[in-house]
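**Q** Got a sequence here, can you model it:
(4 chains)
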2 protein chains.
Amino acid sequence: MKKRPTINDIAAECGVSLSTVSLVLNNNPRISEKTRLKVLAAVEKYQYQPNTQARALASRSSRSLSVIVPQLNHVFADIYFGEIVSGIYDAACEAEYKVMLDIANDKFVSSQEYINLMKSRRADAMLFIASSISDDYLKVFETARYPFLLVNHFFPDSSLNYITLDYEDSAMQASDHLVNLGHRVIGVIAGTNTYTGLQFRDTFIDHCVGKGLKRKDITAVDGGRDWSQEDGYRAAEQLLAAHPKITAIMAGNDRMAVGAMSYVHSRKLKVPGDVSVIGVDDIPTARFSNPPLTTIQHPLYELGRLACEQVLAMFRNDIERYQEVVPVKLVIRESTGPVNKDRL
Amino acid sequence: MKKRPTINDIAAECGVSLSTVSLVLNNNPRISEKTRLKVLAAVEKYQYQPNTQARALASRSSRSLSVIVPQLNHVFADIYFGEIVSGIYDAACEAEYKVMLDIANDKFVSSQEYINLMKSRRADAMLFIASSISDDYLKVFETARYPFLLVNHFFPDSSLNYITLDYEDSAMQASDHLVNLGHRVIGVIAGTNTYTGLQFRDTFIDHCVGKGLKRKDITAVDGGRDWSQEDGYRAAEQLLAAHPKITAIMAGNDRMAVGAMSYVHSRKLKVPGDVSVIGVDDIPTARFSNPPLTTIQHPLYELGRLACEQVLAMFRNDIERYQEVVPVKLVIRESTGPVNKDRL
DNA sequence: ACACAAGGCTAAAACGCTTGACCTTGCTGT
DNA sequence: ACAGCAAGGTCAAGCGTTTTAGCCTTGTGT
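**A** Model (predicted):
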């Protein structure tokens, strides 16, 4: 008796047909309570677990969804993606789905894995997290009708489904905060490999100008592709080299903000005494940086949950199109303060 | 012509049997080059992708492996796990495997998902990352012969397969470093929910005593279950309250070390001027903390890679048992320094 | 007594692939 | 001339479910 039990063994044990067992397992109301209990008892006795593959083959659903993240350095160690994935996982779990991981690396793209995942029925649906501006290949999903959703990204003038945080509002809230503290010469470290990043940068600059700042007093540098501490460090260096009078740095995410603070400290300058620094995301470390970081709180976990629920709804054909923008809010801590008059 | 092409369509197009197509797709050498090319051309023409579920059903392999992490707060955002998962992912990718994520939460345990995953053939193999000391249920794998591997954890006196970093050596290297700097009153923040954590703590203390320190001058407090910055902050608070003369803090991981530094700063004490702090792991942020953190470098990414390769070998029956300990090394940065005589 | 509708269950056709056994054909060596 | 064999294919039996049409009982109204 080494072999695993199958639905046939259960059926035989109960003296019913295998269809009956299948119906019981799928909670079909057409089976009487008596039969149901008999079957469930046998299932318990044999410790029977239906074969997932057979089930998937017959039912045309793998009960798996694919989560695709960009190819950054050790991306699964990235807090930003981690929060989103956590949200996705929890929602998937509730729907009894498994989460499969993928990285949009060269192989993934060149082998067209993004479409093969669907063709081979390996996944029921796909979630692309914060893909890059250059990911044109995703446009196949404008016409190919697969359950597909961009998370925290979008392509302008495209009909691709997306759910994203309100980067425009983030930019405006951050701008208001710094300008109200008296800052007039500001450096911006922006990620430029996503449309949301660009939107954030441009909105920030425009909004500052709208509040009376001179455009030439706002310097933007590229944060690099990783949005990492290292990138923030280097960008801050560039910024202070180009404009020594900068009194505030706006970083496109918290990690770059922490890197920027690190550079400011290395120059023997104080945060926020000499230079205020503000980030975006409100990752857990933001509270524990030195000093604690002022930032725009982005509900990444909730974003992930919602994304998962929606993309599964697409698979069930409950919805076809979905484009949503999620609100954000400012969290004031100790890395921003009134402008230091001596530095003006 | 809305339906997806199947292997039959390809066979018909080429005028060969479906077995031939299957053999070509599986690179079976029995098929002539001529036929192979003909088949591949048809595959290309139809953009054919074999159905994963059918394949898995017939071949008895899902080509997926399950990675199970403990239920910590937003665990996928955790750098420690992230590094390991990155390693696993890359190795899985090379073997053409997909990685499925799971969290060992109450539901996972009570529904026996850990064993059902195998029974239902959803996964070919399982990797448990840093499970907790209380995860007794894993002992079923001592007798149930499934491809199973504990990553960075082990159970004493158990035959369970594992691969872990050398926490004993970590403890000894850290101890040597601090004692050589002249520290004689040391606080230890240890995670106590893993055997590796306990082993680390106990080895550290014994080794210090072995080097001549008094046992009563070494205070150990529990770092809590999350091994987080918050835990480190609180633990440091406890430590300095209990023993104000502590001149060095050994934290069981870098995140707790960063939290501990944060508390030390909040007390207006200098790191390392007043209190040296050393961590474990060497996560990327360690270089960017203020001051940069001295730590024991743990090759988490490589650990993940190796774990994945080994567990897949188990599935292929290449190996049966596997227990391995991976070496580590000290990285000296700026958070540790000679003891401050004034504080003795 | 009979048509008819539920209710409860079953038969059997998918689902789309893998794989070991078997069949052909053309060569070898003797 | 022929057994023996390798190369290249094909056959068909699975793999373990889901699902729909339909079959057999009962119970109900007339």
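
**Q** Stretch A:219-232 near chain B at all?
**A** Yes. Using Cβ under 8 Å from any Cβ of the partner chain, we find that stretch A:219-232 touches chain B at A:228, A:229, A:230. Bear in mind the C-beta positions are built from the backbone N, C-alpha and C, glycine included.

**Q** Adding pLDDT and neighbour count, write the residues you listed out as a markdown table.
**A** Compiled in a markdown table, these are given as follows (pLDDT from 0 to 100; neighbours: other Cβ atoms under 10 Å in any protein chain shown):
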| residue | pLDDT | neighbour count |
| --- | --- | --- |
| A:228 | 89 | 22 |
| A:229 | 90 | 23 |
| A:230 | 90 | 17 |
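
**Q** will you turn these into JSON lines that also has secondary structure?
**A** Supplementary listing: the residues of stretch A:219-232 next to chain B in JSON lines, determined by DSSP: H, G, I helix; E, B strand; the rest coil:
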{"residue": "A:228", "secondary structure": "coil"}
{"residue": "A:229", "secondary structure": "helix"}
{"residue": "A:230", "secondary structure": "helix"}
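
**Q** Looking at these, which is nearest DNA strand C?
**A** residue A:228 (41.2 Å; Cβ to the nearest atom of the strand).

**Q** The closest one against residue A:254, yeah?
**A** No. Applying Cβ atoms under 8 Å, one finds residue A:228 not in contact with residue A:254, separated by 11.0 Å.

**Q** for chain A, what spans make up the helices?
**A** Secondary structure of chain A, counting by DSSP state H: helices at A:7-14, A:18-25, A:33-46, A:52-59, A:79-94, A:106-110, A:113-119, A:140-143, A:167-180, A:195-210, A:229-242, A:254-266, A:300-315.

**Q** just checking, what packs against the first one?
**A** What that stands for is helix A:7-14. Contacts defined by 3 or more Cβ pairs under 8 Å, 6 or more residues apart in numbering or on different chains; DSSP states H and E place helix A:7-14 against helix A:18-25, helix A:33-46.

**Q** Pull out the buried positions in it.
**A** For helix A:7-14, burial by neighbour count (16 or more other Cβ atoms under 10 Å in any protein chain shown) applies to A:7, A:9, A:10, A:11, A:13, A:14.

**Q** For the residue positioned nearest the centre of chain A, report the pLDDT, please.
**A** Among the residues of chain A, the one closest to the centroid is residue A:84, at 4.2 Å (Cα atoms, centre = their mean). Looking at residue A:84, its pLDDT reads 94.

**Q** coming back round to it: among the helices of chain A, which is the most enclosed?
**A** Of the helices of chain A, the one with the most neighbours on average (mean count of other Cβ atoms under 10 Å in any protein chain shown) is helix A:254-266, at a mean of 26.

**Q** Now do that helix against helix A:79-94, angle only.
**A** 160 degrees (axes from the mean of the first three to the mean of the last three Cα atoms, to 10 degrees).

**Q** helices or strands next to helix A:254-266 in the packing?
**A** strand A:186-190, helix A:229-242, strand A:248-251, strand A:276-281.

**Q** quick check, the first one touching chain B?
**A** Same thing as strand A:186-190. No. Using Cβ under 8 Å from any Cβ, strand A:186-190 never reaches chain B; the gap is at least 14.7 Å.

**Q** Within its sheet, name the partner strands of that strand and how each one runs.
**A** For strand A:186-190, the paired strands and their directions (DSSP bridges) are strand A:218-222 (parallel), strand A:248-251 (parallel).

**Q** quick one: it to helix A:229-242, angle?
**A** Using the same axes, to 10 degrees: strand A:186-190 against helix A:229-242 is 150 degrees.

**Q** Count the residues that sit near residue A:47.
**A** Counted with other Cβ atoms under 10 Å in any protein chain shown, the neighbours of residue A:47 add up to 12.

**Q** so how far is residue B:96 from it?
**A** Distance of residue A:47 to residue B:96, given as Cβ to Cβ, to the nearest Å: 31 Å.

**Q** repeat for residue A:200
**A** Going from residue A:200 to residue B:96 by Cβ to Cβ gives 38 Å.

**Q** can you check residue A:223 too?
**A** In this view, residue A:223 and residue B:96 are 35 Å apart by Cβ to Cβ.

**Q** ok, these two, which is more surrounded?
**A** Of the pair residue A:223 and residue B:96, residue A:223 is the one with more neighbours under other Cβ under 10 Å, namely 27 against 7.

**Q** Wait, the more buried one touches residue A:254, no?
**A** No. Contact criterion Cβ under 8 Å: residue A:223 and residue A:254 do not qualify, at 12.0 Å.

**Q** Now for those two: what residues contact both?
**A** Common neighbours of residue A:223 and residue A:254, counting by Cβ atoms under 8 Å, 6 or more residues apart in numbering or on different chains, are absent.

**Q** shaky segments in the stretch 51-200 of chain A?
**A** Counting by pLDDT under 70, the stretch 51-200 of chain A contains no low-confidence range.

**Q** what does it put close to DNA strand D?
**A** A:51, A:54, A:55, A:57, A:58, A:59, A:60 (Cβ under 7 Å from any atom of the strand).

**Q** and the fourth one, how far is that from residue B:52?
**A** The reference is to residue A:57. 9 Å.

**Q** cool, and the second one?
**A** Distance of residue A:54 to residue B:52, given as Cβ to Cβ: 13 Å.

**Q** Relative to residue A:150, how far out is the residue in the stretch 201-344 of chain A that DNA strand C sits nearest to?
**A** Residue nearest to DNA strand C within the stretch 201-344 of chain A: residue A:315 (16.5 Å; Cβ to the nearest atom of the strand). Distance, residue A:315 to residue A:150, using Cβ to Cβ: 16 Å.

**Q** Wait, residue A:183 touches residue A:277, no?
**A** No. If you go by Cβ under 8 Å, residue A:183 and residue A:277 don't touch, sitting 11.1 Å apart.

**Q** Mind checking which of those two has more residues around it?
**A** residue A:277 (31 against 27).

**Q** who in chain A is up against DNA strand C?
**A** Counting by Cβ under 7 Å from any atom of the strand, chain A sits next to DNA strand C at A:15-20, A:23, A:30-32, A:34-35, A:54, A:57-58.

**Q** Greatest separation within those residues: which pair is it?
**A** Pairwise distances across the residues of chain A next to DNA strand C (Cβ to Cβ) peak at 30.7 Å, for the pair A:34 and A:57.

**Q** quick one: contacts for residue A:62?
**A** Residue A:62 neighbours (Cβ under 8 Å, 6+ apart): A:56, A:121, A:122, A:123, A:124, B:52, B:53.

**Q** Could you give the average pLDDT over stretch A:311-322?
**A** 90.

**Q** outside of it, which residues touch it?
**A** Around stretch A:311-322, the neighbours that count as contacts under Cβ under 8 Å, 6+ apart are A:61, A:65, A:91-92, A:95, A:97, A:124-127, A:147-149, A:159, A:161-163, A:310.

**Q** End to end on that stretch, go ahead and measure it.
**A** 9 Å (Cα to Cα, to the nearest Å).

**Q** got it, and stretch A:173-193?
**A** For stretch A:173-193, the end-to-end distance is 22 Å (Cα to Cα).
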